[in-house]
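1. sharing a sequence plus its predicted fold:
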Amino acid sequence: MEDVSSNQNRRKFERLDTTFTLTYRIEKPLALSVELGITADTDALMLNLSDSGMAITTRYNLPGGVQLLLKLNIIDLRLKGDERYRHMEIGGETVSNVSLRDAGYKIGIRFNRVLEADKRVISNYIERNK
């Protein structure tokens, strides 16, 4: 069995454990959406976040290489006014999949389409909340 701590040490970007709900849509391959019966945006729970990606839990078995459109809101209670809240739509690719005991899946996602403004919000959120 591989040592989990060695994987964490190899990470280029720090991950922050966090809990946000989000929705995602499968962009490619579309045949997977049909196979899984996903006809609309699907709810998921974010487990952690980094500058380069995130881990989510979902009830669907998404193999590596699936292209997703992620829709999420970052709410940073350390900020005030309109800066507390940011809606984002981010493109990502599944890079890992672990089956969970409750019949769900933990999916690792690497971002591949992120607005520069969203990158800054994510980076600042991680820095303020670690």
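-> Happy to help now that I have it.

2. what sits against Ala103?
-> Arg59 (CB atoms under 8 Å, 6 or more residues apart in numbering). For every residue, glycine as well, the C-beta is placed using N, CA and C.

3. and for Leu69, the neighbour number?
-> When neighbours are defined as other CB atoms under 10 Å, Leu69 has 15 of them.

4. any idea which element Leu47 lies in?
-> For Leu47, the host element (DSSP states H and E) is strand 42-49.

5. would you give the sheet partners of that strand, along with the direction of each?
-> Strand pairing for strand 42-49, using DSSP bridges, gives strand 16-28 (antiparallel), strand 53-58 (antiparallel).

6. got a list of contacts for it?
-> Taking CB under 8 Å, 6+ apart as the rule, strand 42-49 contacts 15-25, 54-58, 60, 72, 106-107, 122, 125-126.

7. also stretch 17-32?
-> Residues contacting stretch 17-32 (CB under 8 Å, 6+ apart): 33, 36, 38, 40-49, 56, 58, 62-63, 66-75, 91, 129.
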